[in-house]
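Participant: Provided below are the primary sequence and the corresponding predicted coordinates.
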Amino acid sequence: MERGRKEKKEVLEQMRRIVRSRPNDAVKLAFLDKEQVEEIDGMDLFLLSELKRSGNGGVEVKLSDPLQTMERLLAVLREGETSPAESFYRALENGAGGKDAL
């Protein structure tokens, strides 16, 4: 049970990091020369999903959608919440001895 909470916390933190990231470094990466490879270590590339360079100089950069990530984050955070009706039903069920009382 504790492991599941820890993994959920880590996933939420990664999602928060994606939401806060900016695309600047992903764009810089697309135009780096071979001599500038050392700069990659200091870049924030959390939004980067895909990077393609063609032989004729064309560049394609695909980024994660922060809005979609925020929607997923909210859904995960709401998973733990229960509606008042569900809480009431569970309380009734537990008060009557639960499902296994028969």
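Facilitator: It's in.

Participant: next, the buried residues of stretch 39-54.
Facilitator: Phe46, Leu47, Leu48 (16 or more other C-beta atoms under 10 Å). The way it works is simple: take the backbone N, C-alpha and C, and place the C-beta from them, glycine included.

Participant: skipping its backbone neighbours, what lies nearest the first one in space?
Facilitator: Leaving aside its chain neighbours, Phe46 sits nearest to Ser21 (4.1 Å; criterion: C-beta to C-beta, 6 or more residues apart in numbering).

Participant: so what's the residue count around that neighbour?
Facilitator: By the criterion of other C-beta atoms under 10 Å, Ser21 has 19 neighbours.

Participant: wait, isn't it in contact with Pro66?
Facilitator: Yes - contact between Ser21 and Pro66 holds when scored by C-beta atoms under 8 Å: they sit 7.5 Å apart.

Participant: list residues touching both of these two?
Facilitator: Common contact partners of Ser21 and Pro66 (C-beta atoms under 8 Å, 6 or more residues apart in numbering): Leu47.

Participant: all strands in the chain, in order from the N-terminus.
Facilitator: Secondary structure of the chain by DSSP state E: the strands cover 48-53, 59-63.

Participant: quick one: the shortest one to chain centroid distance?
Facilitator: Here the centre of strand 59-63 is set off from its chain's centre by 19 Å, with C-alpha atoms, centre = their mean, to the nearest Å.

Participant: do stretch 30-39 as well
Facilitator: The answer for stretch 30-39 is 28 Å, by C-alpha atoms, centre = their mean.

Participant: just for the chain, where's the confidence low?
Facilitator: 1, 4, 80-89, 96-102 (pLDDT under 70).

Participant: report the central residue of it.
Facilitator: Met15 (2.7 Å; C-alpha atoms, centre = their mean).

Participant: quick one, what contacts that residue?
Facilitator: Applying C-beta under 8 Å, 6+ apart, the residues near Met15 are Thr69, Arg72, Leu73, Val76.

Participant: how far away is the first one from Ile40?
Facilitator: Thr69 sits 23 Å away from Ile40, taking C-beta to C-beta, to the nearest Å as the criterion.
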